[in-house]
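> Show me the folded form of this:
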Amino acid sequence: MRKQILGQPAPYVEVRAAAISVGLDPGGSESRILVDELLRAGYLRRYPSPSLTAHGLYRLTDSGIVAADEAALEEARRRVRQDEGEER
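Numbers count the residues shown, from 1 in each chain. Here you go, the predicted model:
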C-alpha cells in the first residue's frame, strides 16, 4: 500500500490492488479481516464518504506510513544478511 501513495497528493490506497499484490482474493474473508485489523490498528482510515470506501479506497495514516517504511527497512536488512551469508 505504501507504494500506492508515492507521488500522490493524498495518501489514499486501493485495498483491492494491495490484496492482489500479495496474492489474496480482494473479495475474500482473509482480505476483509486484514483490512479490519489495519483499521483497528490505526494504519488505515475510512473516507468520510461511504461511496469511496465502498469502492475500496482508504486513507493510509501517518502511523501506517511509518509501519510500512519500518517493515520495508527490516525486509531490506534481512535480504542483506541473507546475501552476506551466501557470499561466505
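> all helices for this structure, in order.
Assigned by DSSP state H, the helices in the chain fall at 2-5, 15-21, 29-41, 50-54, 62-87.
> what angle separates the third one from helix 62-87?
In terms of direction (axes from the mean of the first three to the mean of the last three CA atoms, to 10 degrees), helix 29-41 departs from helix 62-87 by 120 degrees.
> can you list the residues that contact helix 29-41?
15, 19, 24, 25, 44, 45, 46, 58, 63, 64, 67 (CB atoms under 8 Å, 6 or more residues apart in numbering). For the C-beta atoms, the positions are set from N, CA and C on the backbone; glycine is no exception.
> now it: how far from the chain's centre is it?
Between the centre of helix 29-41 and the centre of its chain there are 11 Å (CA atoms, centre = their mean, to the nearest Å).
> Kindly export that helix (C-alpha atoms) in PDB.
The C-alpha trace of helix 29-41 is given here as PDB (Å, rounded to 0.1, in the frame of the first residue of the first chain):
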ATOM      1  CA  SER A  29     -12.700 -13.100   4.000                       C
ATOM      2  CA  GLU A  30      -8.900 -13.000   4.600                       C
ATOM      3  CA  SER A  31      -8.600  -9.700   2.900                       C
ATOM      4  CA  ARG A  32     -11.600  -8.200   4.800                       C
ATOM      5  CA  ILE A  33     -10.100  -9.500   8.100                       C
ATOM      6  CA  LEU A  34      -6.700  -7.800   7.300                       C
ATOM      7  CA  VAL A  35      -8.300  -4.500   6.400                       C
ATOM      8  CA  ASP A  36     -10.300  -4.600   9.600                       C
ATOM      9  CA  GLU A  37      -7.000  -5.200  11.500                       C
ATOM     10  CA  LEU A  38      -5.300  -2.300   9.800                       C
ATOM     11  CA  LEU A  39      -8.300  -0.100  10.600                       C
ATOM     12  CA  ARG A  40      -8.300  -1.100  14.300                       C
ATOM     13  CA  ALA A  41      -4.500  -0.600  14.500                       C
END
